[in-house]
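**Q** here is a sequence together with a model predicted from it:
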Amino acid sequence: MGGYIISTPSAKATWTIIGINTITGIATFIIQLTNPKLFNEIILNFSAIPILTIHGRAPYRLITSMFLHGDVIHLFLNMFALFIFGPDVERVLGRLKYLILYFASGIAASYAHAYFILTFYPAKQLLLVPSIGASGAIFGVMAAYAILFPLRRLFIFMGFPIIAPAIVAIFIMAALQFFYAVLAPFSQVAYAAHLGGFIAGLIITLIYKPTLKKVRIIF
């Protein structure tokens, strides 16, 4: 038995990301209630829009879109998932590697979403629909968690409760994103983005893993 040597004792990056998302979310929700026109302008100016992503225009949107959410439930579910999976991943990877993982996964998610639409549903109106949320980045963190802590037990609910090792539970959730993307391509949920973020997080973690130091417990 053994585990990884902790690279950083705290999870300041995770708490900072959660804090910024929460503050931004509360502010935009207030604006949404008091000034819907301004809220729509914020979404249009700072969301990831597939056609712009494909043409490499306004790249700042790939970052700003990760800090915007559509409603309280959207924000809560994303931040709760980051709260569950982020701290331990950050402590093992260290702050810099963790931030690279998080933002690279989020950016990959936007590209996956954009090219999925372009390839399979190249209707002009879909390429213009704004995409917001941290889900893609968080799926990247979840992929890292599955690789770093594969045997940890997780409780997930998919119509019925399941308790399974992290690598099983998280890979099932990732597989579902593929099927949802195929079966519900016009859903308001960007399932292809989730899958893109997951794959990016998986690849980055597998690159990191040989460099991580392990501690072994001898009985």
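**A** Arrived safely. Numbers count the residues shown, from 1 in each chain.

**Q** got phi/psi on Thr119?
**A** Dihedral pair for Thr119: phi -80, psi -40, per degrees, to the nearest 10.

**Q** ugh, wrong one, I meant Ser10
**A** phi -120, psi 180.

**Q** so what's it up against?
**A** Arg91 (C-beta atoms under 8 Å, 6 or more residues apart in numbering). (C-beta placed from N, C-alpha, C; glycine too.)

**Q** does Ala200 sit in a helix, a strand or a coil?
**A** Using DSSP: H, G, I helix; E, B strand; the rest coil, the structure places Ala200 in helix.

**Q** count the residues that sit near it.
**A** If you count neighbours by other C-beta atoms under 10 Å, Ala200 ends up with 24.

**Q** how about Ile203?
**A** 16.

**Q** how close does it sit to Ile132?
**A** 24 Å (C-beta to C-beta, to the nearest Å).

**Q** bridged to the residue nearest to Pro161 when sequence neighbours are not counted, which residues?
**A** Among residues not flanking Pro161 along the chain, Phe155 sits closest, at 6.6 Å (C-beta to C-beta, 6 or more residues apart in numbering). When bridges are called by DSSP bridges, Phe155 pairs up with Ile163.

**Q** residue contacts, Phe155?
**A** Under the criterion of C-beta under 8 Å, 6+ apart, the neighbours of Phe155 are Pro161, Ile162, Ile163.

**Q** before we move on, what about Thr64?
**A** Phe46, Ser47.

**Q** what's the neighbour count on the residue lying closest to Lys209 once chain neighbours are set aside?
**A** Take Lys209 and drop its neighbours on the chain: the residue closest to it by C-beta to C-beta, 6+ apart is Ile147, 6.6 Å away. Ile147 is flanked by 19 other residues according to other C-beta under 10 Å.

**Q** please apply the same query to Ile49.
**A** Around Ile49 there are 21 other residues, counting by other C-beta under 10 Å.

**Q** do you know how far it is from Pro130?
**A** Taken as C-beta to C-beta, the span from Ile49 to Pro130 is 6 Å.

**Q** just Leu118 next, same as before
**A** Relative to Pro130, and taking C-beta to C-beta, Leu118 is found at 16 Å.

**Q** Arg95 too?
**A** Arg95 sits 30 Å away from Pro130, going by C-beta to C-beta.

**Q** and what of Asn40?
**A** Counting by C-beta to C-beta - Asn40 and Pro130 are separated by 9 Å.

**Q** more neighbours, these two?
**A** More crowded of Asn40 and Pro130, by other C-beta under 10 Å: Pro130, with 18 against 13.

**Q** hmm, the more buried one is touching Ala48, no?
**A** Yes. Counting by C-beta atoms under 8 Å, Pro130 touches Ala48, with 7.1 Å between them.

**Q** joint contacts of the two?
**A** Ser65.

**Q** could you find the closest non-adjacent residue to Thr53?
**A** Per C-beta to C-beta, 6+ apart, closest to Thr53 is Ala114, 4.1 Å.

**Q** hang on, the one you found packs against His55?
**A** No. Here Ala114 lies out of contact with His55, judged by C-beta under 8 Å, at a distance of 9.6 Å.
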